[in-house]
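Student: here is a sequence with its predicted model. Questions after.
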Amino acid sequence: MASSSKSEPVKIAAPLWGRSLRHQGVVIGALIVATVVLIALCAPLIAPHDPYYQDLLARLKPPVWDDRGSWDHILGTDHLGRDYLSRLIYGARISLLIGIGAALISGLIGTIMGVMAGYFGGRVDMVVTFLITVRLSMPVVLVALAVVAIVGGSLQVVIMVLGLLLWDRFAVVMRSSTLQIRSMDYVAAAQAVGCSTTRVLMTEIMPNVVNNLIVIATLEMAHAIILEAALSFLGLGVQPPLPSWGLMVSEGKDMMLFEPWLITIPGVALFLLVLSINLLGDGVRDITAPENRN
Amino acid sequence: MLYYSLKRFALALLVALTVSLISFSLLYISSDPAIAMAGETATDADIEAIRQLYGFDRPILVQYFDWLQRALAGDLGQSYYFRTNVSALIAERLPTTMTLGVTAILFAITLAVPLGVAAAIRPNSLIDRIALFLSVMGQALPSFWFALMLIVLLSVNLRLLPTSGSDTWLHLVMPTVVLGYYAAPAIMRLTRTGMLEVLSTDYIRTARAKGLRPPVVLFKHALRNAIIPVVSLAAVQFGFMLGGSIVVETIFALHGAGFLAWESITRNDLPTVQGLILVFSLFYIVLTFFADLINAWLDPRIRIN
Amino acid sequence: MTDHVLNVKNLSVDIPLADGVLHAVDGIDIHVDRGETLCIVGESGCGKSLTSLAIMDLLPKKAIRTLAALDLGGESILDYSERQMSDIRGNRMGMIFQEPMTSLNPAFTIGNQMVETLHRHRNISGRAAHDLAKHMLEKVGITAAAQRLNQYPHQLSGGLRQRVMIAMTLLCEPELIIADEPTTALDVTIQAQILLLLQELQTEFDMGLILITHDLGVVARIATRVAVMYAGQIVEQGTVEQIFDNPMHPYTRGLMQCIPVPGKTRPGEPLGSIPGMVPSLIGRFTGCRFADRCSLVTDACGSDDIALRDATDATQAYRCILDPHEMAKVA
């Protein structure tokens, strides 16, 4: 009685759900991410104030749990009197846009490169592997900073730059997954029947590398969010007055001794978002392919 | 072994050349260097003069080879802002970054390897869960925020460490922790996985059957084999630290190459930025080259063909 | 009467699994004397490897070992701590494993791995240990021993590596060696050499040897006594002549019919086979474990646990409800 899970491309839906719900990391991660997404989508409805409105008479008000705080500004205000809670909520949009945008672009580039390399092998593989090595040798932060400095900082530029730089892990993982799948019997069968290359790629290879793709996408999304925050913190990312969480930390750091909430709040938000995305990605990997850990 | 080294060396060379070409063209394509060099108050005539003087009107490839020639001789041009030799500038700043990087990676290894070994010896135990918990937390922590929180906590509130500058070794403590913690989770997980694998091999069973004491089995027999991929990873992480040093040095006001990067970027000092990208990449390439060699040397199956 | 080199009484190994406890080894009694070779025969999964690991106390963490008695050279090692056991392993009791290709650490030289045993148990190191190791390599038939000591395992063939394993195990002149399928992974010609080597060394060192195998050819060549294992129990034991000439248990008889006998089996004649599969050993099992594959099965076979009983010659024992007379009738 030989049964090999490797020759079964289709994952059975029901046990997967069961395993998902029992995996703590996935549940927590998914919940937090879903909450943040919801907050971002409903921002205009939930935010108590306009995140750009400056009330210079209400500058540097502490959050509500402090003696001097008020329910008017639950998380206080920044140095220009802007409501911190509203900025935090709209900041979620920026982080998510960056994460999703960069992940999509880098995912597209990396997946195409990786799958091509894995499927066609030979010289295509050599070229792709070489390009990956070149990309890995380049200092990402430095190059990103330099390009943004030259072209000018904005949301779109940051997404583009990160998207064009973060494709390496996609390429590596997609390449090895494709190599693995390509040697499976059912691919040989499809080719023997005469399916065209595109068809084989689409119907046989892609569905089976999708699991890995999702895992890497979440990891790179988190990576992009952290990088944007760092770039904005250094002044070379998203530009003011946009409420990027990284930018908020940067703007608050001169006053962090007396008004610590200015940096703690956006920092905690970043931490929670990145943590939950990582948990989600790790969890998905644990559930669908635990052998790929590390 | 020799053939292996030569192959790797040739590859490294090719990668280095490609990186230099890409970084060169990147910075030239996206702006007009003559304008950047001339400054804000220049007239069109000034800009044109500069363009001809420095040869910015030549085709990019020609400019690249020119630059490459000089770079190979050690001349990376003149810094627009600092008005000195870029090579000298970088050479002056690099030791600080190197020191920081070395202490940071040592910190990460000292933290991560024992934790990974402990987690592997007792899988699913408390120590294992703590190790995995810490690694997940570590990977989600933004370094710049961590740095600020440490400063508030340790420098200001507890007055344990100095805020910035680089006079004594105390000044290096917080930057080391901030630069190093990010590398620790990956190293810990790789050590753990590697040890788990190795501990279930036949030769570990033989070692136990020979009556060797547990520390000998663990550290002499198991770790020696499990550590091989970790060496490569540590080298790669060390390479990434150069990028991370930009944030850390800027926050802690350490005058290293990372801080120089930030200074020159914000001042549009093109030659310096180019020089730095080249140096950082070369450093990473050389590092991974040696890591490959060490890797091969550590495994007798590769060393003795 | 001198003590047995090894005396095992009522050894059981249980492994807790998700769907119940796996009783992998159930109530084994074995003993070996100096100069004697006990072969434990059985098919894959019958528990013979676990038995040997249990004796050495090298079972995986999840496995639970229970014993009424475990004596080495007359003294009880049943309640020995891990520290005490590690003093014995590789010293008074040695083990050789099945896979020579993976049983040696690829990162260290042969010499290094041999010398560390001497250092651990005899406190000998340096030149003296090196010479002892070289001497032992020559004893197991390895030429150019001095060069071999400086080589790494991957530079040696499978047969050579197994010789090294044997040499390594002999360094401290143990009273007992357990060899778990030492020749299974080797070529047939090398197999014969290794078995011959083991026999010679056993005589020279006057050791007890337990050899675990599934190959009756090996048993015939090297055994003094035989214990046949099935589904975690010993179903028959006796001298090698008794087992081959007069097998009592239906399983043993079935095994004997499966092998071609030169001189007796004619070309084209079908070899025997034993239909059915080994039963699951998870949870409580009553009655004979061989019942659903046995041609002599009756209703009485499934009711109670069946104990070993003596054959006509009291040194032979088998586990069946039929007594020797009834056995002879249906032979």
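Tutor: Structure's in. What do you need?
Student: for residue C:19, the count of nearby residues, please.
Tutor: 8 (other C-beta atoms under 10 Å in any protein chain shown). Using the backbone N, CA and C atoms, a C-beta is placed for each residue, glycine as well.
Student: next up, the contacts around it.
Tutor: Each residue near residue C:19 by C-beta atoms under 8 Å, 6 or more residues apart in numbering or on different chains is listed here: residue C:282.
Student: how much space separates it from chain B?
Tutor: 19 Å (C-beta to the nearest C-beta, to the nearest Å).
Student: tally of neighbours for residue C:152?
Tutor: Other residues close to residue C:152 by other C-beta under 10 Å number 20.
Student: one more: the one 3 residues further on?
Tutor: A count of nearby residues for residue C:155, using other C-beta under 10 Å, gives 16.
Student: ok, residue A:143 - contacts?
Tutor: Contacts for residue A:143 (C-beta under 8 Å, 6+ apart) come out as A:165, B:23, B:26, B:277.
Student: over to it. Which of the three states is it?
Tutor: Put simply, residue A:143 is helix when judged by DSSP: H, G, I helix; E, B strand; the rest coil.
Student: got the residues of the stretch 101-250 of chain A near chain B?
Tutor: A:130, A:133-134, A:136-143, A:145-147, A:149-151, A:222, A:226, A:229-230, A:233-236, A:246, A:249 (C-beta under 8 Å from any C-beta of the partner chain).
Student: just the ones of those residues in helices?
Tutor: Among those, DSSP state H puts A:130, A:133-134, A:136-137, A:140-143, A:145-147, A:149-151, A:222, A:226, A:229-230, A:233, A:246, A:249 in helices.
Student: out of these, which are buried?
Tutor: Among those, those classed as buried by neighbour count (16 or more other C-beta atoms under 10 Å in any protein chain shown) are A:133-134, A:136-137, A:140-143, A:145-147, A:149-150, A:222, A:226, A:229-230, A:233, A:246, A:249.
Student: pLDDT below threshold where in chain B?
Tutor: B:1, B:27, B:29-40, B:157-167, B:305 (pLDDT under 70).
Student: try it again at 80.
Tutor: Chain B contains residues with pLDDT under 80 at B:1-2, B:4, B:23-61, B:76-78, B:80-81, B:83, B:155-171, B:304-305.
Student: now swap in chain C and tell me
Tutor: Checking chain C against pLDDT under 80 turns up C:1-2, C:45, C:257-278, C:280, C:283-286, C:291-292, C:295-305, C:311-314, C:321-331.
Student: of all of it, which residue lies closest to chain A?
Tutor: Per C-beta to the nearest C-beta, residue C:277 is where chain C lies closest to chain A, at 10.3 Å.
Student: and that residue, how many neighbours?
Tutor: Residues near residue C:277, counting by other C-beta under 10 Å, number 8.
Student: equivalent analysis for residue C:61, please.
Tutor: Count around residue C:61 with other C-beta under 10 Å applied: 7.
Student: state the helix or strand in which it lies.
Tutor: Counting by DSSP states H and E, no helix or strand carries residue C:61.
Student: go on, residue C:38?
Tutor: Here residue C:38 is assigned to strand C:37-41, by DSSP H and E.
Student: could you give the number of residues near residue C:199?
Tutor: 14.
Student: for it, which non-adjacent residue is closest in space?
Tutor: Leaving out its chain neighbours, the residue that sits closest to residue C:199 by C-beta to C-beta, 6 or more residues apart in numbering or on different chains is residue C:222, at 5.9 Å.
Student: mind listing what the one you found touches?
Tutor: Contacts of residue C:222 (C-beta under 8 Å, 6+ apart): C:37, C:39, C:195, C:198, C:199, C:211.
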